[in-house]
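Novice: take a look and give me a structure for this.
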Amino acid sequence: MSKYIYSFLNLVLRRGSFVVLTFILGNLVTPDELGLFLAHMMIIQYGTIFFNLEIHTGVIKFLGDFKVMKDKNLFFSSGLILIFILGIVAITFFSFSSRSISFILKLPTLQYYFLFPPLILFFLISNYLSAVLKNELMFNKIFLVLLISNSLLIAVVYVVVRYGFGLYGIIIALYLSYISSVIGTYYFVLKYVKIEFSSDIIPLVKKLIKFSFMIYLGTTLMVLDNYIDIFFINYFMRKENLAIYNYAIIFGFVLISIGDSVSSVTYPKMIKLYSVNDLSAINILYSKSIDFTFFIVSTLSLFMLINIDYVILFLLPEYYLKVKELLLPLIIGISLFATISSVGTILTAKGKPQIALLGLAPAVVLNIILNIMLIPRIGAIGAAIATSSSFMLRAIIGFIINKIMIGMNYNFSRIFLGFSVFVGFLLLEYFIIENLLVKYVFFISYLILSFMLFIYKNRLTFLKSS
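Specialist: A predicted model of the protein is given here:
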């Protein structure tokens, strides 16, 4: 159970640094200035999407297969070389494409632009080294590194913004945080692998690229689907609208982090179970992961929506209460998607990552079409509807693929019954019930009902055995 907790905390910290950063900035700068910073951060976001090749995922898949330390070191070194090359290519690309990209991102000036691409390299290296620790199930070590680097980021940003250094100060804080993350992670990695070179490294590089590339195609589509709405908001609307929508996405992605944290632990377990062809144990792990994740995500979603006004006013100026109207449609799609995300790596664990493209491609197309159609007409709420619809489509296709193509024997009627009840409670709370006490009564009712449906009847053994 501790690995699940640390995995979730790592995801919270990894995304949390950016979340806390934007909350600090939301109180210290104008929405337009925050939007400008978020537009620049898309350079790092899309740089890591397109230039990572999912080498870190391939390392988790293969690193445990090597029993001889020399082979393990060579495989680790081959991945590190690839990551470094990809980072340099990313920096070169963004530097030579500065005018085109600044036009697409609607950046008013190139004053800060060239300081962002080098951060892509540090992010890629840190992510790769963290994957090595994940392979060893050292989630507590990753947590420690993230805690230090993120604390450094938040502390420096608060000081530099308060003393008027503006975006330059924020960039300095980002560099300090990213570099400290690389140094800290590498320190722990050295206990398990070391950098080593020989002529045998070339076939290992080829093997890593061949496997990782198929995952990369699927993951690239997935991340694009997650963040394409931010791009269209930035393109069609003013920078302050980007700031508002960013907070809605942050609240929504807290829920996705729950599914991802479960997936981080189930992935190496599923690899081991597939290696011994224990299909019964895989089915049990699959079912328990879905039940547990939906229970947590749905109850937390309902609780979040009930209290969102108080949370926003506690963290941000009153101006950002507009976030609430975006959060409802987002939660509906995200809750179902976060559930399937808890077992989202099962295709990769089975060695068939290319199958995931069947669900991702139509979802991305739907997301792009709906964003283009809805944002110019109804604004940011259109982006929320588009993203939620895409997430729901991905979840439904994911359930179908796992049932038909890899034979997961899960009782899907239970999840869709639970989801229907959950949506009904959400709509009641948002549109009809106004009294806070009555809202809490409905929340407790849903909590009991969901517990009976997904956790009761020995399903708590999942938590104990984990």
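
Novice: just for the stretch 251-400 of the chain, where's the confidence low?
Specialist: Scanning the stretch 251-400 of the chain for pLDDT under 70 picks out 267-268, 275, 344-357, 359.

Novice: try 80
Specialist: 253, 257, 260-261, 263-287, 342-361 (pLDDT under 80).

Novice: so which residues of it form helices?
Specialist: 279-315, 323-341, 346-349, 357-378, 380-404 (DSSP state H, counting those that start in this stretch).

Novice: out of these, flag the one nearest A131.
Specialist: helix 346-349 (12.7 Å; C-beta to C-beta). In short, each C-beta sits where N, CA and C put it, glycine included.

Novice: residues near Y235, how many?
Specialist: Neighbours of Y235 under the rule other C-beta atoms under 10 Å: 15.

Novice: how close does it get to L105?
Specialist: From Y235 over to L105 the distance is 8 Å, taken as C-beta to C-beta, to the nearest Å.

Novice: contacts only, for Y430.
Specialist: Residues in contact with Y430 (C-beta atoms under 8 Å, 6 or more residues apart in numbering) are 305, 328.

Novice: need the per-residue pLDDT for it.
Specialist: In this model, Y430 is scored at 81, pLDDT.

Novice: start the count at 7 instead of 1 going forward.
Specialist: Let's use 7 as the start, then, which means that last one is Y436.

Novice: now do the contacts for E435.
Specialist: 308, 311-312, 445, 448-449.

Novice: so which of those is surrounded by the most neighbours?
Specialist: L308 (22 neighbours).

Novice: excluding its backbone neighbours, what's nearest N240?
Specialist: The spatial neighbour of N240 that comes closest, neighbours along the chain excluded (C-beta to C-beta, 6 or more residues apart in numbering), is L248 at 5.0 Å.

Novice: shouldn't F431 be in contact with Y452?
Specialist: Yes - with contacts counted by C-beta atoms under 8 Å, F431 reaches Y452, the gap being 4.8 Å.

Novice: checking the residue of the chain positioned farthest from its centre next. Helix, strand or coil?
Specialist: In the chain, S205 marks the outermost C-alpha relative to the chain mean, sitting 36.6 Å out by C-alpha atoms, centre = their mean. Recorded secondary structure, S205: coil (DSSP: H, G, I helix; E, B strand; the rest coil).

Novice: how close does it get to D284?
Specialist: Taking C-beta to C-beta, one finds S205 at 38 Å from D284.

Novice: got the contact list for I346?
Specialist: I346 sits next to 265, 296, 400-401, 404-405 when contact means C-beta under 8 Å, 6+ apart.

Novice: try 7 Å this time
Specialist: 401, 404-405 (C-beta atoms under 7 Å, 6 or more residues apart in numbering).

Novice: P368 too?
Specialist: Applying C-beta under 7 Å, 6+ apart, the residues near P368 are L399.

Novice: for K409, see how far away it is.
Specialist: The spacing between P368 and K409, counted by C-beta to C-beta, is 18 Å.

Novice: can you check M458 too?
Specialist: Separation of M458 from K409 (C-beta to C-beta): 24 Å.

Novice: okay, those two: which has more neighbours?
Specialist: Taking other C-beta under 10 Å, M458 and K409 do not tie; K409 has more neighbours (13 against 10).

Novice: how far away is the nearest residue to I201 once chain neighbours are set aside from K76?
Specialist: Excluding the flanking residues, the one nearest I201 by C-beta to C-beta, 6+ apart is S83, at 5.1 Å. Computed as C-beta to C-beta, the S83 to K76 distance reads 11 Å.

Novice: who touches both of those two?
Specialist: Here S83 and K76 share the contacting residues E202, scored by C-beta under 7 Å, 6+ apart.

Novice: between those two, who's got more neighbours?
Specialist: Taking neighbours as other C-beta under 10 Å, S83 and K76 compare with S83 leading, 19 against 12.

Novice: and the strand or helix carrying the more buried one, what does it pack onto?
Specialist: Assigned by DSSP states H and E, S83 belongs to helix 75-102. Contacts defined by 3 or more C-beta pairs under 7 Å, 6 or more residues apart in numbering; DSSP states H and E place helix 75-102 against helix 37-57, helix 61-69, helix 123-141, helix 207-242.

Novice: report the angle between that helix and helix 37-57.
Specialist: Using axes from the mean of the first three to the mean of the last three C-alpha atoms, to 10 degrees, the direction of helix 75-102 lies 130 degrees away from that of helix 37-57.

Novice: buried ones in helix 75-102?
Specialist: Neighbour-count burial for helix 75-102 flags 78-89, 92-93, 96-97, 100 (criterion: 16 or more other C-beta atoms under 10 Å).

Novice: next: stretch 144-157.
Specialist: Residues of stretch 144-157 classed as buried: 144-145, 147-156 (neighbour count, 16+ other C-beta under 10 Å).

Novice: and the furthest pair within those residues?
Specialist: Farthest pair in the buried residues of stretch 144-157, by C-beta to C-beta: M144 and N156, 18.0 Å.

Novice: quick revisit: among the contacts of E435, which two are most distant?
Specialist: L311 and F448 (11.2 Å).

Novice: before we move on, back to that, distance to K330 for the contacts of E435 - can I get that in JSON lines?
Specialist: Converted to JSON lines, those look like this (distance: C-beta to C-beta, whole Å):
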{"residue": "L308", "distance to K330": "14"}
{"residue": "L311", "distance to K330": "8"}
{"residue": "I312", "distance to K330": "11"}
{"residue": "K445", "distance to K330": "14"}
{"residue": "F448", "distance to K330": "18"}
{"residue": "F449", "distance to K330": "17"}
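
Novice: ok, of the residues you listed, which one's closest to M379?
Specialist: Of those, the one sitting nearest to M379 (C-beta to C-beta) turns out to be L311, at 26.3 Å.

Novice: so L113 touches Y119, yeah?
Specialist: Yes - using C-beta atoms under 7 Å, L113 is in contact with Y119, at 6.5 Å.

Novice: ok, I439 - how many residues close by?
Specialist: Residues within reach of I439, counting by other C-beta under 10 Å, total 17.

Novice: next one: L173
Specialist: Using other C-beta under 10 Å, L173 is surrounded by 18 other residues.

Novice: what of L423?
Specialist: L423: 12 surrounding residues under other C-beta under 10 Å.

Novice: which strand or helix spans R420?
Specialist: Assigned by DSSP H and E, R420 falls within helix 418-433.

Novice: buried stuff in that helix?
Specialist: So for helix 418-433, counting by 16+ other C-beta under 10 Å, buried means 421, 424-425, 428, 431-432.

Novice: what is the end-to-end distance of stretch 378-396?
Specialist: Start to finish, the residues bounding stretch 378-396 are 14 Å apart (C-alpha to C-alpha, to the nearest Å).

Novice: right, and the helix or strand after the helix holding S83?
Specialist: helix 104-110.

Novice: perfect, that will be all.
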